[in-house]
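1. need coordinates for the below:
(2 chains)
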2 protein chains.
Amino acid sequence: MKNFMYYTPTKVYFGKGEELKVGKIIKEYGFKKIMLHYGKSSIKKSGLYDKVVKCLKDEEIEFVELGGVEPNPKLSLVLKGVELAKKEKVEMILAIGGGSVLDSSKSISAGAKVDFSPWKFSIGEEIVKDRLPVGSILTISAAGSDMSNSCVITNDETLEKRGFSSDFNRPLFSILNPELTYTVNPWQTACGVVDIMMHTLERYFSNGDENEELTDNLALGLLKAVYDAGKVVMADPTNYDARATLMWANSLSHNGLTGCGKVYFMAVHQIEHEVSGMYDSVSHGAGLAALWPQWAMNSYKASPKRFLRLAYEVLGVDYTPDEEKAIIEGISRLKAYFKSLGMPVTLRELGVDKNSLPDIAWNAMFRARESYQISSL
Amino acid sequence: MKNFMYYTPTKVYFGKGEELKVGKIIKEYGFKKIMLHYGKSSIKKSGLYDKVVKCLKDEEIEFVELGGVEPNPKLSLVLKGVELAKKEKVEMILAIGGGSVLDSSKSISAGAKVDFSPWKFSIGEEIVKDRLPVGSILTISAAGSDMSNSCVITNDETLEKRGFSSDFNRPLFSILNPELTYTVNPWQTACGVVDIMMHTLERYFSNGDENEELTDNLALGLLKAVYDAGKVVMADPTNYDARATLMWANSLSHNGLTGCGKVYFMAVHQIEHEVSGMYDSVSHGAGLAALWPQWAMNSYKASPKRFLRLAYEVLGVDYTPDEEKAIIEGISRLKAYFKSLGMPVTLRELGVDKNSLPDIAWNAMFRARESYQISSL
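-> Presented below is the predicted three-dimensional model:
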């Protein structure tokens, strides 16, 4: 087990009706003026927006707002947010939405404390040293940004999508009510299932066969629960326990827990960021589903025991003395599972042009790695 | 899955040599004068005390100190600590030791902020609203107090042992170097293994068979890793990976993770607190080992599916269509495992007088429950 730091200070309020506490929670922290940040119309249609506004008014918390966050959140909107936050002197940002809204909020929160573009944090030219606190009400189980130290932004001028890690990116609090995800459509639900699994799989598949039993057991237990819950929600979108499993797994998959003591590189994520940075129509989860089977077939020899445990303990492969056969059967089952969720399992299905592959590969190998290393200092 | 709050703000520095960062960590928080709190002679014998003192001096951090914490930490020493902390105006308390030193530190840290005895927190007469921050360097893997919200103190006048929960009890930071536990003797190591397993088992065995797959999977994965590591360390006390597994599991077992979304009561802990409150020579882990098998035999019908999973997934029981047989075999295997670690599995072995059983039972049923409820408000 390698040395590690574990730091997950985000206070999580989990369960039915918890979003109605938002005004009291913010008041307890003493914030008097905040910024609401959200996506397009869904939180207004669902009534969540009105509920939040009422909670804030009940506690006499002033707010300004900025909507319009898109999937693969854009730097241009972040810059508007920074301007608004500075002008209005807001004390915190309340993200209402999924990972994109959270990441946009995180970037704004860091940008509001400096006199340069927060893109510099994304590309590792500057290190975050302060930020406005971010709170969240999560509406999609996927990215785990509600507890994570990550923030992924796309520069809409250069089409670069860059993630950077900093403990300043961890939200102050996150409110997770699984019922708020009942209306997430099957496609986005499936993208979420893949993203959650991939956050854990990419940590689980560290190089070599070093004994990391505790962390690996937690990872496999989480993966099995998500695998089961994913099937349930596709058939029964308002199944509370399954939605709750996905939501809590979304947080635990990316808050650091499933990687403690391991060395990992999130390779598929690095490649996917290049794909969806270049092709804006690609959803992150779908991109991951399309990439993982190929990555796995090319990588299993580096960590055979872990691929074997995945096959047996999560994917229900029957025992065979031929380890390689079991491993390949496991990979093929997970690919079939992604397909059964309606996910693509090749880049072709996503409309990625063959001619862009060399650029994607080069960028994932060199450009992304560079910023990743600098920002994790 | 029931609603829950998850809050584990403690920053964990885990791994070889991490204790040498202690001066820099404290300086980063800006504390200039602290109190060292520890047990008897072991940290001086091992050289840890000298290392810590050097780190503090290198960073020009002033300190006062109070040693002498005993197992089942006593209120009388806590009161001395409170007096010293107030008199010397220390800004934080650095606990160097195991759960007893941590709990003593937590009680002092709360007592230092009020003008009444912190025992009132233990019995639920008062609620903690402020405290000095506590940091720790852990030397025994057992109680999980390094991340937990618990604090258990024994009133050496009345022989009452009382635990109370509060987020103020969570340490600011904890330094966990598994190497520091290499010299923990087999008896204390075994007590630790039992305590770790019991913190998870008592959360795992919630009433009924409600679907709590994610949390249950994490619990079982953790239990399996501890079960395996326990065997290894008894044979090979300086096995780093096994010591590391126990140490990290010690934290995760009691920081809340293995109980998320579940309703549980820590029944065996409640009874054990009465036993070791009354019999000071009883180690907490040994008391738990002596109580659990009887508790399990009397309780399995309330949660048969969970007992079954424990039997199959952790204890390696062979499949049988007779569920009750498998469950009883599982309980008997865990009892045998405790025995193999050198633990008692009956109260008689601990020297508990039969005549004191009614008092133990009454206190566990009524006195303890009362304070537990009040303090968890």
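2. residue contacts, A:Gly330?
-> Neighbouring residues of A:Gly330 by CB atoms under 8 Å, 6 or more residues apart in numbering or on different chains: A:Phe307, A:Leu308, A:Leu310, A:Ala311, A:Tyr312, A:Leu315, A:Val317. All C-beta atoms are positioned from the backbone trio N, CA, C, and that covers glycine.
3. report how many residues lie close to A:Pro186.
-> Residues near A:Pro186, counting by other CB atoms under 10 Å in any protein chain shown, number 12.
4. and it, how close does it get to A:Glu202?
-> With distances taken as CB to CB, to the nearest Å, A:Pro186 is found 24 Å from A:Glu202.
5. grab the nearest non-local neighbour of A:Pro293.
-> Counting by CB to CB, 6 or more residues apart in numbering or on different chains, A:Pro293 lies nearest to A:Lys335, which is 4.2 Å off, once chain neighbours are set aside.
6. would you reformat the contacts of A:Gly330 as TSV and include secondary structure?
-> Listed next are the contacts of A:Gly330 as TSV, based on DSSP: H, G, I helix; E, B strand; the rest coil:
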residue	secondary structure
A:Phe307	helix
A:Leu308	helix
A:Leu310	helix
A:Ala311	helix
A:Tyr312	helix
A:Leu315	coil
A:Val317	coil
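7. so which bits of the stretch 51-200 of chain A are right by chain B?
-> Applying CB under 8 Å from any CB of the partner chain, we find that the stretch 51-200 of chain A lies next to chain B at A:Pro178.
8. and for chain A, the residue most distant from the center?
-> The C-alpha centroid of chain A is most remote from A:Pro321, which lies 37.0 Å away (CA atoms, centre = their mean).
9. so which elements touch the helix ranked longest in chain A?
-> Across chain A, the longest stretch assigned as helix under DSSP state H is helix A:213-235. Counting contacts by 3 or more CB pairs under 8 Å, 6 or more residues apart in numbering or on different chains; DSSP states H and E, helix A:213-235 packs against helix A:186-204, helix A:240-254, helix A:304-309, helix A:323-340, helix B:213-235, helix B:240-252.
10. what angle sits between that helix and helix B:240-252?
-> 50 degrees (axes from the mean of the first three to the mean of the last three CA atoms, to 10 degrees).
11. any idea of the angle helix A:213-235 forms with helix A:323-340?
-> Using the same axes, to 10 degrees, the direction of helix A:213-235 lies 40 degrees away from that of helix A:323-340.
12. just the buried residues of helix A:213-235, please?
-> Neighbour counts over helix A:213-235 (16 or more other CB atoms under 10 Å in any protein chain shown) mark A:213-230, A:232-234 as buried.
13. now swap in stretch A:238-248 and tell me
-> For stretch A:238-248, by 16+ other CB under 10 Å, it's A:Asn239, A:Asp241, A:Ala242, A:Arg243, A:Ala244, A:Thr245, A:Leu246, A:Met247, A:Trp248.
14. quick one, what contacts the fifth one?
-> When contacts are counted by CB under 8 Å, 6+ apart, A:Ala244 touches A:Phe14, A:Gly15, A:Pro178, B:Met1, B:Gly261.
15. now the contacts of A:Gly330 as CSV including neighbour count and pLDDT?
-> Output for the contacts of A:Gly330, formatted as CSV (neighbours: other CB atoms under 10 Å in any protein chain shown; pLDDT from 0 to 100):
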residue, neighbour count, pLDDT
A:Phe307, 23, 96
A:Leu308, 17, 97
A:Leu310, 28, 98
A:Ala311, 26, 98
A:Tyr312, 17, 97
A:Leu315, 19, 98
A:Val317, 20, 98
